[in-house]
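Novice: with the sequence up front, the predicted model follows.
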Amino acid sequence: GNNQDISVGLFSSTLPTTRTLTMGSGTWTFTGTGTVFTLSQTGLTLTEGASTIVVSDTSATAKTFDGGGQTYNIVTFSGDNVTLTGNNTFNTLNVNNAGLTNGLKITSGSTQTVTNFATNGSSGNLAKLLSTTGGSAHTLTTSSPQISVDYMSIQDSTATQTNTWYAGANSTDAGGNTNWVFMAPPATSLKDIIQPGIIPFAR
């Protein structure tokens, strides 16, 4: 596999032939505009390894990340006006477009499966998450017991799990959302931390 860091304008693998892409442990940074990444045809085996993918262009010019229904390790959207297509799976999905105008648009009707979901939003610099079609939501689902972010503007986003997706007290509910909780997650009590069946401080 390729364990080097790679920085290119775009990457496309769309031939309908049997092929393998081994991403290794490097960081793949896509600096271009338009369709910067596409794996849209059948026959591809993607081995994500410990790789990180970054879509970085912060201009308002549109970019598309066509995930092709594959599984990825870490994907960071730090650019602006990025569209995510396909029903994809991510170990970590970072929405790091804080302070940018157009944000990350996930294709309406698609489902993204994440283990970790994070953002770089901060006070006065919200990170934006929305769908490609206003009023038509995308879906986010996780196997994690809790997702916790803050300082985001979220619109037309359906979280599959209830009492799991915490947008944070400083995030903005821009409408059309389902199962996002716009508050900080509840504090974890000591009894939740202690492993069941183990009595602490026993002599």
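Specialist: Good, I have the coordinates.
Novice: who touches the lengthiest strand in the chain?
Specialist: Using DSSP state E, we find that the single longest strand of the chain is strand 111-119. Here strand 111-119 makes contact (C-beta atoms under 8 Å, 6 or more residues apart in numbering) with 84, 87-96, 98, 106, 127, 138-144, 147, 149-152. For every residue, glycine as well, the C-beta is placed using N, CA and C.
Novice: who are the contact partners of the nearest residue to Thr61 once chain neighbours are set aside?
Specialist: Excluding the flanking residues, the one nearest Thr61 by C-beta to C-beta, 6 or more residues apart in numbering is Thr33, at 4.2 Å. Contact analysis of Thr33 by C-beta under 8 Å, 6+ apart lists 57, 59, 61-63.
Novice: repeat that for Gly69.
Specialist: Neighbouring residues of Gly69 by C-beta under 8 Å, 6+ apart: 86-88.
Novice: and if we set it to 10 Å?
Specialist: By C-beta atoms under 10 Å, 6 or more residues apart in numbering, the contact set of Gly69 is 39-40, 42, 44, 46, 85-89, 110-111.
Novice: separation between Lys63 and Asn97?
Specialist: Relative to Asn97, Lys63 is positioned 11 Å away (C-beta to C-beta, to the nearest Å).
Novice: neighbour count winner among these two?
Specialist: Shown here are Lys63 and Asn97; by other C-beta atoms under 10 Å, Asn97 has more neighbours (28 against 25).
Novice: surely that one meets Leu126?
Specialist: Yes - at 9.2 Å, Asn97 counts as touching Leu126 under the criterion of C-beta atoms under 10 Å.
Novice: what residues are shared contacts of these two?
Specialist: Both Asn97 and Leu126 are contacted by 103, 119, 152, under the criterion C-beta under 10 Å, 6+ apart.
Novice: count the residues that sit near Thr141.
Specialist: 15.
Novice: spatially central residue in this structure, please.
Specialist: Taking C-alpha atoms, centre = their mean, the centroid of the chain lies closest to Leu93, which sits 2.8 Å from it.
Novice: so what secondary structure elements neighbour the helix or strand hosting that residue?
Specialist: Using DSSP states H and E, Leu93 sits within strand 89-95. When contacts are defined as 3 or more C-beta pairs under 10 Å, 6 or more residues apart in numbering; DSSP states H and E, strand 89-95 sits against strand 52-55, strand 71-77, strand 82-85, strand 104-106, strand 111-119, strand 127-131, strand 138-142.
Novice: which of those sits closest to Gly175?
Specialist: Ranking those by proximity to Gly175 (C-beta to C-beta) places strand 127-131 first, at 9.8 Å.
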